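> Predicted coordinates and the sequence they were generated for:
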Amino acid sequence: MRTLPKTSSGLYLRHSLNRRSRLVLKHSWRQMVRSSLYQPQFSYRQVLYSWFGSFLGIAALAYLSVQTNYPLIAAPFGATAVLAFAIPDSPLAQPRNIIGGNCIGAIVCVTLVHFFGTAPWVMALAVATAIKLMQLTKTLHPPGGAVALVGTMSGASWDFLFTPVLGGSIIILLCTIAFNNLAAGKKYPRYWL
């Protein structure tokens, strides 16, 4: 039998997988690695457009934040950029979802922080409530949950709703519309409301 190096406890590990176990693991690994029907497939052109569009969108937000001294950028906008530039046809990346989902997350977190503070249970309540309201209003946008969490963690005030959330969402949406319709040659958005 082949032995492996000693572990920190001083015991030798032995290679104990029999032939059948190795075949099962090999087959499982192949299934994990190969393409799935449910995973989006991207051409090199789409990858390049997604990279360039997300770069321009986040750069515009960052530049405007620095030049205007308004906080127009927040961490959840990275996830918004993934949806808006990589899979713009997704229902989660449409204008109603981007603006509505992010604003619902901001309203929920600011309201809960105002009444209950920033305790850990308030963070959980903010995310759960934001998800529920986004589902009920058909504005589901995963970064909206992140907006609720980040806002609650930072003890956000009512200004958080306007800058960075509403202002940043509008800017990223305008960049998405311009880039996808002009440079990428796609029809975006699929629907407005």
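That came through, no problem. Numbers count the residues shown, from 1 in each chain.

> Check which element follows the longest helix seen in the chain along the chain.
When the chain is parsed with DSSP state H, its longest helix is helix 44-68. Sequence order places helix 76-81 as the next helix or strand after helix 44-68, per DSSP states H and E.

> before we move on, what SS does the spatially closest residue to Gly155 that is not a sequence neighbour have?
Nearest non-adjacent residue to Gly155, counting by C-beta to C-beta, 6 or more residues apart in numbering: Thr118, 4.9 Å away. Just so you know, the C-beta spots here come from the backbone N, C-alpha and C atoms, and that holds for glycine as well. Counting by DSSP: H, G, I helix; E, B strand; the rest coil, the backbone at Thr118 sits in coil.

> Pull the contacting residues for Thr118.
Contacts for Thr118 were tallied using C-beta atoms under 8 Å, 6 or more residues apart in numbering; they are Thr152, Met153, Ser154, Gly155.

> same thing but at 7 Å, please
Applying C-beta atoms under 7 Å, 6 or more residues apart in numbering to Thr118 gives the contacts Thr152, Met153, Gly155.

> In the helix or strand hosting the first one, which residues are buried?
The reference is to Thr152. Per DSSP H and E, Thr152 falls inside helix 142-153. By neighbour count with 16 or more other C-beta atoms under 10 Å, helix 142-153 contains the buried residues Pro142, Pro143, Gly144, Gly145, Ala146, Val147, Ala148, Leu149, Val150, Gly151, Thr152.

> ok so, going back, name the residues that touch the longest helix of the chain?
In this structure, residues lying in contact with helix 44-68 by C-beta under 7 Å, 6+ apart are 71-73, 77, 81, 85-86, 168, 171-172, 175-176, 179, 183-184.

> Centre of the chain to that helix, how far?
15 Å (C-alpha atoms, centre = their mean, to the nearest Å).

> Provide a list of residues in contact with the spatially closest residue to Ala130 that is not a sequence neighbour.
Excluding the flanking residues, the one nearest Ala130 by C-beta to C-beta, 6+ apart is Ala148, at 3.9 Å. Residues in contact with Ala148 (C-beta under 7 Å, 6+ apart) are Gly105, Val108, Cys109, Ala126, Val127, Ala130.

> who touches the most centrally placed residue in the chain in this structure?
Nearest to the geometric centre of the chain sits Ala79, at 2.7 Å (C-alpha atoms, centre = their mean). Residues counted as contacts of Ala79 (C-beta under 7 Å, 6+ apart) are Pro142, Pro143, Ala146.

> And the residues you listed, which is closest to Pro95?
Among the contacts of Ala79, Pro143 lies closest to Pro95 (C-beta to C-beta), at 13.9 Å.

> what's the distance between the closest one and Gln41?
Separation of Pro143 from Gln41 (C-beta to C-beta, to the nearest Å) stands at 24 Å.

> Cheers, nothing more for now.
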